[in-house]
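K.L.:
Need coordinates for the below:
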Amino acid sequence: MTPEMWDRLGPFRDEATARGIPAEDVERWLATARPCATLTPDGDGPVVGRFGGPLLLPADVPDPAHPYVATIDFAALPGGMTDLPLPSDGHLLLFAFPEIDYTGVGSAVYVPAGSAVVERDKLAWDDVGWEENERMMEAFPQGPVRARADVSLPFHKYVELPGEPWGDAFPEHPRSEELVEVWEDTRDQIAPAGSLQLGGYADEVDIENDPVASAVKCAVEAGWGGSGDAADWVLLADWQMGVDDYESATVHWVIQRDDLAARRFDRVFASFNENP
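P.N.:
Now for the predicted structure:
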C-alpha cells in the first residue's frame, strides 16, 4: 500500500493505543491491511461502472442464472486501488439472488474489451415465482458508481497473521476482539462503507469468522473443485444490499487468486448472509 494509505490508518492506531492495546499487537494487526476500491453513487472519483442499466452480453454467453446487479468497467478503474490481479480493461458483470443457498447465490461474467454484445432480457433467468422476484429486483440500486481508493482491515476476529506465534490459518489473535471493535469505531473516519467494494476484507452483520473462508467451505461442499484453503481465495466484490426487506444483507463474490489471474470468472462463487 502507498504511504498515504498507511497514514490514513492513523486514527485506528491512535485509538487502539488509547485503549491500552500493546503497540506490537496493533502493528501486527495493521500488517494485515489491504487496499480496496469502494464504489458509491456520489463523491468525486471516476465513474467506473453502474448498478443496473441494460444487460449487455455476447450472444454466445448463456442467460445468467441470477438477476443482474452491476457492471464494472476495468478500463475506468484506476490502477493500484486493490491488490487483486484484475484485468486492465473489459467489463465485469455481477449477478446475485439474495437467498441462503449453499450451492451459490450468484455469478460473474467477464466481457473482454472489444467484444460484440447484445442487450439481453433481464427476466429470462426465472420461470417460477416471478412476481415476487420482480418486486425484489425493482428495489436493486440503479445508476452510475464512482470509485474511491480505500484501505480495509479485518471485520472478524479469526484472521491469518504473518509470522509467529500466529502462523496457522485463522488463529485467534489474543486482542482480535478489541482490535475489531477499534476498526468498527474508527472506520468511518478512514474508509466509510459504500454499496459495493472490490477487494479488501468481506463485511457482514455480526461476523465471527472470515466470510471468505465460509464461502470457500460452501464452494468446496458444493463440489466447486480447486483449493479448499481459504488463503488461496480472495474477495472479488462485496455488495451491502441495503434494499427493502434486505437492509442487513450482504453478497460476497469470491474467487481463487489463480483463477482471477487467468480470467476464469466462471469460477466465481457467491455467498449470501442476512441477519433479520
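K.L.:
What backbone torsions are found at residue 85?
P.N.:
Here is the backbone geometry of residue 85 (degrees, to the nearest 10): phi -80, psi 70.
K.L.:
contacting residues around it?
P.N.:
257, 260-261 (C-beta atoms under 8 Å, 6 or more residues apart in numbering). Where C-beta positions appear, they are placed from N, C-alpha and C, glycine not excepted.
K.L.:
got a pLDDT number for it?
P.N.:
On pLDDT, residue 85 comes in at 97.
K.L.:
From the contacts of residue 85, list the buried ones, please.
P.N.:
Taking 16 or more other C-beta atoms under 10 Å as the criterion, what is buried in these is residue 260.
K.L.:
out of the contacts of residue 85, who's nearest residue 233?
P.N.:
Proximity of the contacts of residue 85 to residue 233 (C-beta to C-beta) peaks at residue 257, which lies at 6.9 Å.
K.L.:
wouldn't the closest one be in contact with residue 233 here?
P.N.:
Yes: counting by C-beta atoms under 8 Å, residue 233 is a contact partner of residue 257 at 6.9 Å.
K.L.:
Would you confirm that residue 234 belongs to a strand?
P.N.:
Yes: counting by DSSP: H, G, I helix; E, B strand; the rest coil, residue 234 is found in a strand.
K.L.:
Near it, how many other residues are there?
P.N.:
22 (other C-beta atoms under 10 Å).
K.L.:
In the top helix by length along the chain, which residues are buried?
P.N.:
Criterion DSSP state H: the longest helix present in the chain is helix 176-190. Across helix 176-190, burial judged by 16+ other C-beta under 10 Å covers 176, 178-180, 182-183, 186-187, 190.
K.L.:
ok, and what's touching it?
P.N.:
With C-beta under 8 Å, 6+ apart as the criterion, helix 176-190 contacts 8-9, 11-12, 15-16, 19, 21, 25-26, 29, 150-151, 153-159, 173, 193.
K.L.:
The stretch 101-250 of the chain: helices as residue ranges?
P.N.:
130-138, 176-190, 211-221 (DSSP state H, counting those that start in this stretch).
K.L.:
could you dump those to JSON lines with mean pLDDT and distance to residue 2?
P.N.:
Below are the helices of the stretch 101-250 of the chain laid out as JSON lines (pLDDT from 0 to 100; distance: least, C-beta to C-beta, whole Å):
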{"stretch": "helix 130-138", "mean pLDDT": "65", "distance to residue 2": "38"}
{"stretch": "helix 176-190", "mean pLDDT": "93", "distance to residue 2": "14"}
{"stretch": "helix 211-221", "mean pLDDT": "91", "distance to residue 2": "24"}
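K.L.:
and residue 108, which of those is closest to it?
P.N.:
Using C-beta to C-beta, the helices of the stretch 101-250 of the chain put helix 211-221 closest to residue 108, at 13.3 Å.
K.L.:
what residue ranges in the stretch 101-250 of the chain score low on pLDDT?
P.N.:
Scanning the stretch 101-250 of the chain for pLDDT under 70 picks out the ranges 102, 123-136, 158-173.
K.L.:
Strands of that one, start to end?
P.N.:
Ranges of strands in the stretch 101-250 of the chain, per DSSP state E, counting those that start in this stretch, are 106-111, 118-120, 143-152, 196-199, 233-240, 250-256.
K.L.:
For residue 47, find the nearest of these.
P.N.:
Nearest of the strands of the stretch 101-250 of the chain (C-beta to C-beta): strand 143-152, 4.8 Å.
K.L.:
and that closest one with helix 176-190, angle?
P.N.:
For strand 143-152 against helix 176-190, the angle by axes from the mean of the first three to the mean of the last three C-alpha atoms, to 10 degrees is 130 degrees.
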